[in-house]
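>>> This is a predicted model, with the sequence first.
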There are 2 protein chains.
Amino acid sequence: MAPDTDPRGDTRKRILDIAETLLLTRGFNGFSYQAISGELGVKNAAIHYHFPHKTDLGIELIQRYRRRFRRFTEAQADLDAASRLDAYFELTDSYYRRHRQVCPSGILSTEFHTLPCAMQDEAALFIEEMRAWSVAIARQGRDGGVFHYAGSAEAMGAVMFSALQGGLQLARVDAELLGTLKYQLKTLLGIAPALPERGQQALSLPVEG
Amino acid sequence: MAPDTDPRGDTRKRILDIAETLLLTRGFNGFSYQAISGELGVKNAAIHYHFPHKTDLGIELIQRYRRRFRRFTEAQADLDAASRLDAYFELTDSYYRRHRQVCPSGILSTEFHTLPCAMQDEAALFIEEMRAWSVAIARQGRDGGVFHYAGSAEAMGAVMFSALQGGLQLARVDAELLGTLKYQLKTLLGIAPALPERGQQALSLPVEG
DNA sequence: GACAGCTTACCAAGCAGTAAGTAGAGTCGG
DNA sequence: CCGACTCTACTTACTGCTTGGTAAGCTGTC
C-alpha cells in the first residue's frame, strides 16, 4: 500500500526507535502497539511478529539502551572528569531537547511497581550502571584534584544522579530548572564557570548499527 | 491523620485515600476505577457517582494534596531552617515507608505528557509550590547562618528538590540510596551530623499484583 | 416525597495477543 | 530453466479482557 522510501528489513529497528520515543515521553504503560504500528504504517500484528509480547519489547528496549550506554561510557575512557561531567550534562540536555523526554532510569524507577518482573530485573541493572557511572565521575574528579566537595564520592555521585533524574522530569513543568540545576551541581563540585554555559560539545549516545 | 474511620458516609474520602495510594505507587495511568471499587467493596459505578470522570478524581487528588501541603508548611511557621529540612526529609521518608511510594511531584512530572490538561495545570501549581518551599528552606538556612553553601538559594533549593524527587524513585531499586542522599545533602549544606543516620532497613522487594 | 448514595446492567472503545493466510524472495533437485 | 519447496515478513480477521463511562432503578433517611 505505502510506497516504501526506505529499504526493507529494518522494521524491527524502526519499531524500537518509535517505542523508545514513546517510552521516554509517555512511559511504558502510556503507549500501545497501535501507537507504534500507526506511526510505522504497518498493522498491529506486524509488531507482534517482531515482539510477541509487550514485555519482550520492553526488555529489548532496556537491553539496547544498556549496550548504547556502555559504548557511551567506554568512548570516554581517556577523558578527564570535567569532560565526563559535561558529557553527562549534555546527555541529560539531549533528552530534554527531544520532546522533553526523561532519562530511562526516571521512567523505569517511577513505573517500577507496574513493570513485569523480567523488565524490573533489567531496569535494576541499568539503573545501577548509571549510578556507578555518576559515582565514578565524582571519584575521578576528586582524585584528579579537579572537583572539591565534602562527603564521599559515592554520596556525591548519588546526589548528581538523583538530581539530574528528578530535574529532567521537573523541566517539563519548569523549563529553567534544568539549567539552574546543572550550574549549581558544578558549583557544588567547585568547578562553576562564571556564567551558565550554553554551547557544549554535542556528545550524545551513538545510535545502534 | 484522619480521625474518622466510620464505615459509611465518608465513601468519598475513602475513595480519595485508596486512589492516592494507587497514584503514588502505580501512577495515574497505572490504576483503574475497578481497582478502587474492588478495594473499597463497592461497585464500579459508585466511584463514578462521586467522581464522574477520572480526570475529576485526579484533580481532586492534587487539590487535596495542595491543601495538605499548605497546612504542612504553615505548621512550620516558627521552625528554624534545620528543623524544616528535617521535616522535608521526614516527609520524603514517609513516602518510602508507605509501600515505596514516590512524591506526587515525581509521578505528575513523569506522567505529565499523558495527563489531561486540567490535571497538568493543577500539577504545575503543586510542583511550583514544592519547589518554592525547598528554595525557602535553603534561603532561610543561609540567612540564619545555619547553612553554608556556594551558589544561590534558588539553585540550592532546586538541587534539593530534584535530588529528593529522583532519589525517592531510585530508592525502589536501591534501598540505601535515599539515606546516602539525605546525608550528602546535609553535608553540602554544611550541617552534616557525625555519622549517617541509618533509619530504614532494607525490605525485600514485594512484587505487586 | 425528595434526595443522597448507591446497585444492576449495560456500552463502545481500546488493549494485548493469536491463528490463518499470503506475497515475494531465495533455494534446490532434475 | 522450471517447478516445487521454504522461509521471512507481513496482513486479515478475530478473540477475550479491561477500560472509562452511562442510564435507570432501588433503598434508607430526613
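Everything's here; your move. Just so we're clear, the structure is a prediction, and the values are computed from it rather than from any experiment. Numbers count the residues shown, from 1 in each chain, chains lettered A, B, ... in the order given.
>>> list the contacts for A:Ala35?
Applying Cβ atoms under 8 Å, 6 or more residues apart in numbering or on different chains to A:Ala35 gives the contacts A:Leu22. The C-beta positions use only the backbone N, C-alpha and C, and glycine is treated the same way.
>>> Following the chain onward from the helix or strand encompassing it, which element is next?
In this assignment (DSSP states H and E), A:Ala35 forms part of helix A:33-40. Following helix A:33-40 in sequence order, the next helix or strand is helix A:44-50 (DSSP H and E).
>>> quick one: that next one near DNA strand D?
Yes. Helix A:44-50 lies within reach of DNA strand D by Cβ under 7 Å from any atom of the strand, at A:Asn44, A:Ala45, A:Ala46, A:Tyr49.
>>> Can you name every helix or strand that that helix contacts?
If contacts are counted by 3 or more Cβ pairs under 8 Å, 6 or more residues apart in numbering or on different chains; DSSP states H and E, helix A:44-50 sits against helix A:11-26, helix A:33-40.
>>> With distance to B:Thr92 as extra columns, can I get the ones you listed in CSV?
Formatted as CSV, the helices and strands packed on helix A:44-50 follow (distance: least, Cβ to Cβ, whole Å):
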stretch, distance to B:Thr92
helix A:11-26, 25
helix A:33-40, 34
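>>> quick one, which of those is nearest to B:Ala82?
The closest of these to B:Ala82 is helix A:11-26. By Cβ to Cβ, the value is 38.0 Å.
>>> got the angle between the closest one and helix A:33-40?
Angle of helix A:11-26 versus helix A:33-40, following axes from the mean of the first three to the mean of the last three Cα atoms, to 10 degrees, is 120 degrees.
>>> helix/strand/coil for A:Gly145?
The three-state label given to A:Gly145 by DSSP: H, G, I helix; E, B strand; the rest coil is coil.
>>> A:Gly190 in helix, strand or coil?
Per three-state DSSP, the secondary structure class of A:Gly190 is coil.
>>> Could you give the number of residues near it?
Neighbours of A:Gly190 under the rule other Cβ atoms under 10 Å in any protein chain shown: 13.
>>> picking up where we left off before, out of the residues of helix A:44-50 next to DNA strand D, which is nearest to chain B?
Nearest to chain B among these is A:Asn44, at 20.2 Å by Cβ to the nearest Cβ.
>>> what residues are up against the closest one?
Counting by Cβ under 8 Å, 6+ apart, A:Asn44 has contacts A:Tyr33, A:Gln34, A:Ser37.
>>> hey, which of the helices and strands packed on helix A:44-50 is tucked in deepest?
helix A:11-26 (a mean of 19; mean count of other Cβ atoms under 10 Å in any protein chain shown).
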